[in-house]
Every structure is written in structure tokens, then in C-alpha cells.
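In: sequence first, predicted coordinates after that:
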Amino acid sequence: MRLWLFIAVVMGWAWPAWSGEFSLASPQVYNGEVAVLRWQGEPLSFGVVRYRDEVIYLYPDPTGAVALLPVALDTAAGDYPLLAALVTSQGQTTFRELMLQVAHKTRPEESLTLPERMVSPSAEDLARINREGSLLNETFAGRSPRLWTTFERPVDGPVSSVFGKRRIMNGQAKAPHSGTDFRGSAGTPVHAISHGRVVLVSDMFYTGNTVVVDHGEGLFSLYAHLSRVLVGKGHDVRKGEVLGKVGSTGRSTGAHLHLTVKLLGERVDPLALLAILKE
Ligand SMILES: [Zn+2]
């Protein structure tokens, strides 16, 4: 609570009569999804929300301010308080509290049998996997200004595997599915889910030809198993722009697009993001 005390002291504790509403787009979300917090009212010069041990910034948008809150897949069902400190452009401060209800969603389970070399990588492959993991972590740690607006699906095809699916490979429990798989024949165009900047283009052990787009404010999308990549690092992409073609490179058993979404360091369900902020 120390941060709150600090903000209260610095800004001056005040409960002014200025108008505005601090609300959640939906009071209840499932573990692994995204909560959307909005401030509608007086323009803000500063706004933060405390959620569990994280401090999340509110960013100005046409109606006031917005924050996307990642609710990690392993979050237990229950009520989580959200405390907001808001400062108007006139320097008035207010504190608001909301309750976020996290409900538990049971994810499907699947058993796969794969060639042993895919499930138990060699020492050489392990070294590569670790290097690539570090590179991805560094990439996802970047914080740039907001570029995202609304979101759209990356391919037209149906979903073939959902986020969070529990996977048993060759009899061993593995990490839950880190993204959403979309069915698509090889060569199908893959579109950026929103505006952003290409921050990584790489051929990786698990995800094959991979593109990562930074949408700003800690939101990233990763497109995996591409047969071709049509953008380079540093390229500014518009929502819907073609990044590459569907393929089956890396650890994949057939042509599909795997999309991972990272928000403030947490993997979240891409379909939840696409559903709440579509046009
Ligand atoms: Zn996948």
C-alpha cells in the first residue's frame, strides 16, 4: 500500500465533486482473459490502477482513459480489488475502488503422440531453446507508446485449438497451449491484429518462422509457423496488413497459424482480446 500513501501525500488527499465514471467493461472475467478498465469523464493527466502486486497505467483515449488488465491463466477464482488513483488535467485527485470477479474456466485437454526428438530436445536444441526464450523475454519486456486501436482476426479460418488447452505429450503433462491456433492452408495471408511495429523476425525452434508485433503499452502479438515472412524488423504495420503466409515451420504437425498474445508480461487468450475490442 506504500505507493498509495505516497500518491496521497504528493497529490493531496481530496475527494472533489468532479464528474466521471470508473468502470469495468465486464465485472466478471475468466482466468486467462483480459479485463478492460475505463475512465469516462474529466480528462486525466495521470491515472494508475493497483491490481494484485502490479501497478497498471491508464492511457488517454477519446472517451477518457483505458487500461487493459491481464488476468493470468493460473489466477484463482475470486474477487480482486482494483484501486485507482486519478489526477485530472486541473490537478485534482480522486481514488476509486472496484471489484474484479475472476471466474474459473475449465480448459479442454488433449493427448498427443509426437516423435521423441520433438518432445525431448537434444542438448544442442535445448541451448537454442533457452537462447530463443531469452530473446523473446527481452522483446516482451519492451514498453512503447500505444499503437493499438481495435483488433481483428489474423486469418479467416476457424479456430482449431484454443488458448490454455492442457496438453499431454507422449504421456507427459506439458505447459498449457500458449495461444490460439487458426486453421488455414499453407500460403493463406496472415494479417496483423492491430496497428504496431515489427520488433522481431526470427526462425525459432518451437515457433518456426516467427513475427512479433509490438502494439504499445506492453501488448504484443506473436505469429508462428509461417511459411513466408513478408515484413522486416522495424516495419510499422497497420491493422490488417499482411505479415506473412500460413505454414508449418518449427514444431508443428500441419499448416496453421499459432497466435500468442502477451500483455504486460502475461500470456492471455487472443480470442478474449479480439472479442472485447473488435470494431
Ligand atoms: Zn498453437
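Out: Noted; the coordinates are in hand. Numbers count the residues shown, from 1 in each chain.
In: use CA for all of it now, contacts and neighbours both
Out: OK.
In: in a strand, W39, correct?
Out: Yes. When DSSP: H, G, I helix; E, B strand; the rest coil is applied, W39 is found to be in a strand.
In: could you pull out the buried residues of stretch 224-232?
Out: 224-229, 231 (16 or more other C-alpha atoms under 10 Å).
In: quickly name whichever of these is closest to R146.
Out: Taking C-alpha to C-alpha as the measure, R146 sits nearest to V231 out of those, at 20.5 Å.
In: rewinding a little: please narrow the buried residues of stretch 224-232 to those residing in strands.
Out: Mapping the buried residues of stretch 224-232 onto strands (DSSP state E) picks out 224-226, 228-229.
In: who does V242 bridge with?
Out: H191 (DSSP bridges).
In: you'd agree it is up against V190?
Out: Yes. If you go by C-alpha atoms under 8 Å, V242 and V190 touch, sitting 5.5 Å apart.
In: which bits of the stretch 151-279 of the chain sit near the ion?
Out: For the stretch 151-279 of the chain, the residues in contact with the ion (C-alpha under 5 Å from the ion) are 181, 258.
In: just so I have it, where are all the strands in the stretch 151-279 of the chain?
Out: Along the stretch 151-279 of the chain, counting by DSSP state E, counting those that start in this stretch, strands occupy 159-161, 166-169, 172-174, 180-183, 189-191, 196-204, 208-216, 219-226, 228-229, 236-237, 242-245, 256-263, 266-268.
In: so which elements touch the second one?
Out: If I follow you right, that is strand 166-169. Strand 166-169 makes packing contacts with strand 109-112, strand 172-174 when contacts are defined by 3 or more C-alpha pairs under 8 Å, 6 or more residues apart in numbering; DSSP states H and E.
In: now V102: phi and psi?
Out: Reported as degrees, to the nearest 10, the phi and psi values for V102 are phi -100, psi 120.
In: OK, contacts around it?
Out: 28-31, 75-80 (C-alpha atoms under 8 Å, 6 or more residues apart in numbering).
In: that older thread, would you reformat the helices and strands packed on strand 166-169 as CSV and include mean pLDDT?
Out: Converted to CSV, the helices and strands packed on strand 166-169 look like this (pLDDT from 0 to 100):
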stretch, mean pLDDT
strand 109-112, 88
strand 172-174, 87
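In: could I get those as a markdown table with distance to A84?
Out: Formatted as a markdown table, these follow (distance: least, C-alpha to C-alpha, whole Å):
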| stretch | distance to A84 |
| --- | --- |
| strand 109-112 | 38 |
| strand 172-174 | 37 |
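In: the helices in the chain, which residues?
Out: 2-11, 116-119, 123-140, 270-276 (DSSP state H).
In: which stretch in the ones you listed is the model least sure about?
Out: Note on these: lowest mean pLDDT is at helix 2-11, with a mean of 58.
In: picking that back up, okay, V242 and V190: which has more neighbours?
Out: V190 (25 against 19; other C-alpha atoms under 10 Å).
In: what's near enough to touch that one?
Out: Applying C-alpha under 8 Å, 6+ apart, the residues near V190 are 154-155, 242-246, 257.
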